[in-house]
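> pasting the structure only:
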Ligand SMILES: NC(=O)C1=CN([C@@H]2O[C@H](COP(=O)(O)OP(=O)(O)OC[C@H]3O[C@@H](n4cnc5c(N)ncnc54)[C@H](OP(=O)(O)O)[C@@H]3O)[C@@H](O)[C@H]2O)C=CC1
Ligand SMILES: O=CC(=O)O
């Protein structure tokens, strides 16, 4: 069952808030598809325990998404401890007040809840379960929240390793890119331990604008892959349209405006269109990650014998774009793969 942020979270005693402190309030959402309609009290301080000591929040993986997410937690007054494979990416957060530990294991051992925002299934698994990974340090009473985009099997594997230590696990991939991460406007697609979901809800509300609890581990990963499968195909189709419009003598910037007025308007087209027509692709969502998500979504479809010819064609286009050295560009650079075919 889906739950959005207006669901009143039950905060266990171990993370119960100190009444004197308030997180910066965001408007309670008015999602039209809201499932629970009763309103939560203003989210207050999840960063203190019943005894008044700070709840320690770990953050592993400080890339495009992890950095602003951790930053928002620090700015909200949380006691944050960071680790990243490339240590230099921790420095800006340390100057904002974050603590540092030299391994995922030590972060998970020190913190009450640890978030992980890693590139792909391999890195998510390694950081969670590899040598000096989080599972080596975590234990009963603690929680691990993986916000990376991975496949269902990887998420279940991480869940198994974490749960074997006595800790709780929540998968919570996010919809929303660099700017929503900076603005605390992400959408969390969570599944796993409901008590951990309730515990971290105030933290999710600092980083995001809405959250869904989707039940068993795997449902969050699957939801994220379906969303990104659609997104990847939409961007590929948009790219074809931009190129076709120019070829037949139209102004692609006008096409962007026309689309923005009609039924197929989408924030993504409005945001990316003007730079795409100038062949500019400032990275928000790396193309390599979009191709990873399409690959994983195709695997998901295969697992239930679902035919996905559009996504399969889009995936081929992103693969071509990668061979042109566009992996670290924004995924909107997929248009370059089509231009090269002209
Ligand atoms: N960017 C976006 O718009 C969005 C991304 N996502 C998803 O979020 C996740 C992170 O994305 P994003 O922040 O953009 O990605 P980045 O590529 O910017 O960051 C990836 C992070 O993973 C770390 N990492 C990669 N490989 C390893 C490894 N083998 N061992 C340890 N750490 C590793 C990197 O460490 P290092 O710094 O050392 O390289 C870095 O911290 C991905 O799963 C992506 O699909 C979801 C929604 C939006
Ligand atoms: O995963 C990418 C996003 O924009 O969402």
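Sure, I can see it. Bear in mind that the values here come from a model prediction, so they are computed numbers and not experimental data. Ligands and ions are numbered 1, 2, ... in the order given.
> For the residue in the stretch 101-250 of the chain positioned nearest to ligand 2, which non-adjacent residue is spatially closest?
Residue of the stretch 101-250 of the chain nearest ligand 2, by Cβ to the nearest ligand atom: residue 177 (3.8 Å). C-beta: built from backbone N, CA, C; applies to glycine. Of all residues not flanking residue 177 in the chain, residue 284 sits nearest, at 4.4 Å (Cβ to Cβ, 6 or more residues apart in numbering).
> That neighbour is in contact with residue 330, isn't it?
Yes. Taking contacts as Cβ atoms under 8 Å, residue 284 lies within contact range of residue 330: 5.6 Å.
> List the contacts of the residue of the stretch 101-250 of the chain closest to ligand 2.
When contacts are counted by Cβ atoms under 8 Å, 6 or more residues apart in numbering, residue 177 is found next to 65, 284-285.
> give me phi/psi at it?
Phi and psi for residue 177, reported as degrees, to the nearest 10, are phi -110, psi -150.
> Can you name the residues that contact the closest residue to ligand 1 within the chain?
Residue nearest to ligand 1 within the chain (Cβ to the nearest ligand atom): residue 63, separated by 1.9 Å. If you count contacts by Cβ under 8 Å, 6+ apart, residue 63 has them with 84, 89, 117, 119.
> Can you show me the helices along the stretch 1-150 of the chain?
Per DSSP state H, counting those that start in this stretch, the stretch 1-150 of the chain has helices spanning 66-75, 91-95, 104-110, 121-129, 134-137. These are given in chain order.
> what does the fourth one rub up against?
Right, helix 121-129. Contacting residues not belonging to helix 121-129 are listed as 60-61, 104, 116, 118, 133-135, 144, 146, 148, 150-151, 154, 157-158, 161-162, 296 [Cβ under 8 Å, 6+ apart].
> just the first one next, same as before
The list of residues contacting helix 66-75 from outside it, by Cβ under 8 Å, 6+ apart, reads 57, 59-60, 62, 80, 82, 84, 89, 92-93, 96-98, 115, 117, 147, 178, 181-182, 184, 186, 203, 206-207.
> Among those, which are located in strands?
Filtering the contacts of helix 66-75 for membership in strands, criterion DSSP state E, returns 57, 59-60, 80, 82, 115, 186.
> CSV please, covering these and showing neighbour count, distance to residue 258 and pLDDT.
CSV is the format used below for the ones in strands among the contacts of helix 66-75 (neighbours: other Cβ atoms under 10 Å; distance: Cβ to Cβ, whole Å; pLDDT from 0 to 100):
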residue, neighbour count, distance to residue 258, pLDDT
57, 27, 45, 98
59, 30, 42, 98
60, 32, 44, 99
80, 27, 45, 98
82, 29, 45, 98
115, 29, 41, 98
186, 26, 30, 98
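> can you give me the strands for this structure?
Shown for the chain, the strands assigned by DSSP E span residues 18-22, 44-45, 56-60, 79-83, 99-100, 113-116, 143-146, 168-171, 174-175, 186-192, 208-213.
> Okay, angle between the third one and helix 66-75 too, please.
I take that to be strand 56-60. An angle of 170 degrees separates the directions of strand 56-60 and helix 66-75 when computed by axes from the mean of the first three to the mean of the last three Cα atoms, to 10 degrees.
> repeat for the last one
For strand 208-213 and helix 66-75, the angle between their directions (the same axes, to 10 degrees) works out to 100 degrees.
> Okay, now the sheet partners of strand 208-213, with direction.
Partner strands and pairing direction for strand 208-213 (DSSP bridges) are strand 186-192 (parallel).
> What residues sit buried inside the partner strand?
Taking 16 or more other Cβ atoms under 10 Å as the basis for neighbour counts, the residues of strand 186-192 that come out buried are 186-192.
> Skip the chain neighbours and tell me the closest residue to residue 170.
residue 192 (4.1 Å).
> For that neighbour, list the residues it contacts.
The neighbours of residue 192, taking Cβ under 8 Å, 6+ apart as the test, are 159, 168-171, 216-217, 220.
> As CSV, those with pLDDT, neighbour count and distance to residue 264 would be great.
Formatted as CSV, these follow (pLDDT from 0 to 100; neighbours: other Cβ atoms under 10 Å; distance: Cβ to Cβ, whole Å):
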residue, pLDDT, neighbour count, distance to residue 264
159, 98, 23, 38
168, 97, 24, 41
169, 98, 25, 38
170, 98, 29, 35
171, 98, 34, 31
216, 98, 12, 34
217, 98, 23, 34
220, 98, 29, 28
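> Please render these as TSV that adds distance to ligand 2 to the earlier fields.
Rendered in TSV, the data for these read as follows (distance: Cβ to the nearest ligand atom, whole Å):
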residue	distance to ligand 2
159	21
168	25
169	21
170	18
171	14
216	22
217	19
220	13
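> Perfect, I'm done here.
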